[in-house]
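K.L.:
Have a look at this fold, sequence not included:
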């Protein structure tokens, strides 16, 4: 067990390199389909994206900032100060990153597509054009509060939808990452009552875990790994203690166009209201 901070409040979390974790090769070679994503909540798949592709995309992203917001020191980028525009809004460089060759090579990679088809058991896979890029460091104003994706992505068949989270570079205890309230996907009606008008469940991760008698799990992920999770599982991120930025991509896959949320049919902007 480890003590982390979210919104400057301490909470307990359990790191694990084993819970719901499988290598790409083992996953693809399985003859039988895995349990549904709703049943497992999240799945960590290792060795999906080549490290060189991640490094290239990371370099391209931070190089888009032309006013000295980021500086590369040896192998690591450092966050020196925030861009004048809010993340993903107006002229923030993250919007242009979505158009780069390096970004598109990752989201359109054969391994990621085949994996996503297997996760949703579909040959009619639909990737939402609204693809999100996030970057956090200790200079960020806040982390991601506890929430569920079902409040943001509306589908008539939510079990036919998966979120894919791809870290582009280092993550972990010091840098922040996604964490999951284990088994929370099985208590939808109870958690429905906690969702506020801003689609947030709680800013206090410790109190939430205590009130629901559940535990936060931090999957231990490395560069090249991806995480798929259901629309129903509660997840969040925690505060970074580093000026090495944590960069990641959020994708939404649906088993068919009939399962897609039409509001996600345009490229992402941080001020698009979703």
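P.N.:
Looks like it came in fine. All figures in this text were calculated on a predicted structure; none of them were measured in a lab.

K.L.:
ok, longest helix in this structure?
P.N.:
helix 51-63 (DSSP state H).

K.L.:
Tell me the spacing between residue 142 and residue 131.
P.N.:
22 Å (CB to CB, to the nearest Å). Where C-beta positions appear, they are placed from N, C-alpha and C, glycine not excepted.

K.L.:
between these two, which one's more packed in?
P.N.:
residue 131 (20 against 12; other CB atoms under 10 Å).

K.L.:
Spell out which residues sit in contact with the more buried one, please.
P.N.:
By CB atoms under 8 Å, 6 or more residues apart in numbering, the residues touching residue 131 are 98, 107, 249, 250, 251, 267, 268.

K.L.:
Mind doing that once more with 7 Å?
P.N.:
Residues near residue 131 by CB atoms under 7 Å, 6 or more residues apart in numbering: 98, 107, 249, 251, 268.

K.L.:
With residue 253 instead?
P.N.:
Counting by CB under 7 Å, 6+ apart, residue 253 has contacts 116, 120, 125, 126, 127, 161, 162, 164.

K.L.:
For it, give me phi and psi.
P.N.:
When read as degrees, to the nearest 10, the backbone of residue 253 gives phi -110, psi 140.

K.L.:
Just grab the bridge partners of it for me.
P.N.:
Here residue 253 sits in beta bridges with residue 127, residue 162, as judged by DSSP bridges.

K.L.:
Just the pLDDT for it.
P.N.:
pLDDT recorded at residue 253 is 97.

K.L.:
just to revisit the earlier point, what comes into contact with the helix or strand that the longest helix of the chain is followed by?
P.N.:
Following helix 51-63 in sequence order, the next helix or strand is strand 70-73 (DSSP states H and E). With contact meaning CB under 7 Å, 6+ apart, strand 70-73 is reached by 62, 77, 78, 79, 80.

K.L.:
need the residues you listed in CSV with secondary structure and pLDDT, can you?
P.N.:
As requested, those are arranged in CSV below (DSSP: H, G, I helix; E, B strand; the rest coil; pLDDT from 0 to 100):
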residue, secondary structure, pLDDT
62, helix, 97
77, strand, 96
78, strand, 96
79, strand, 96
80, coil, 96
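
K.L.:
And the furthest pair within those?
P.N.:
62 and 80 (10.8 Å; CB to CB).

K.L.:
which of these two has more neighbours?
P.N.:
In terms of neighbours (other CB under 10 Å), residue 62 is the more surrounded of residue 62 and residue 80; the figures are 21 against 14.

K.L.:
I'd say that one and residue 77 touch.
P.N.:
Yes - counting by CB atoms under 7 Å, residue 62 touches residue 77, with 4.7 Å between them.

K.L.:
follow-up on the earlier one: could you name the helices and strands sitting against the longest helix of the chain?
P.N.:
On a contact count with 3 or more CB pairs under 7 Å, 6 or more residues apart in numbering; DSSP states H and E, helix 51-63 meets helix 101-107.

K.L.:
In the helix or strand that the helix it packs on is followed by, which of the residues would be classed as buried?
P.N.:
Using DSSP H and E, the next helix or strand after helix 101-107 towards the C-terminus is helix 110-120. By neighbour count on 16 or more other CB atoms under 10 Å, the buried set for helix 110-120 is 112, 115, 116, 118, 119, 120.

K.L.:
Much appreciated, bye for now.
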